[in-house]
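Enquirer: Here is a sequence together with a model predicted from it:
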Amino acid sequence: MPKLKTHKGTAKRFRVTKNGKVMRMLAGRTHLRRRKKSSKKSDFRHAVSTDVNYIAKQVKTMGGKAVQN
C-alpha cells in the first residue's frame, strides 16, 4: 500500500502536543476586530485543544508528519 500524503489544510490548522493532544486556533480572529473587547482578542491568541476523540484521530491521520511534530 502506498504512503499517505499529508493533507496540507490539516497540517496548517492543527498541531499535536507531546502528550498527543490536538491543538487548534479559534475562528473569527481577524474579522471586525475593532469592535471586539480586548479580553476577547487576547483569547484568540491562544490555541485550544480539540476534545472530540474522533476528530483528533482524523487530524492525526490526515496531517501526517507535519502535524505529529
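Expert: Structure received. Numbering: from 1, shown residues only.

Enquirer: pretty sure residue 67 is touching residue 9, no?
Expert: No - under the criterion of Cβ atoms under 8 Å, residue 67 is not in contact with residue 9, lying 11.0 Å apart. For the C-beta atoms, the positions are set from N, CA and C on the backbone; glycine is no exception.

Enquirer: More neighbours: which of the two?
Expert: Comparing residue 67 with residue 9 by other Cβ atoms under 10 Å, the one with more neighbours is residue 67, at 21 against 10.

Enquirer: contacting residues around the helix or strand harbouring residue 9?
Expert: Using DSSP states H and E, residue 9 sits within helix 8-13. The contact list for helix 8-13 (Cβ atoms under 8 Å, 6 or more residues apart in numbering) reads 24-25, 59, 62-64, 66-67.

Enquirer: next one: stretch 28-45
Expert: Under the contact criterion Cβ under 8 Å, 6+ apart, stretch 28-45 has outside partners 25-26.

Enquirer: what about residue 17, distance to residue 49?
Expert: Distance check for residue 17 against residue 49: by Cβ to Cβ, to the nearest Å, it reads 8 Å.

Enquirer: For those two, list the residues in contact with both.
Expert: Common neighbours of residue 17 and residue 49 (Cβ under 8 Å, 6+ apart) are residue 23.
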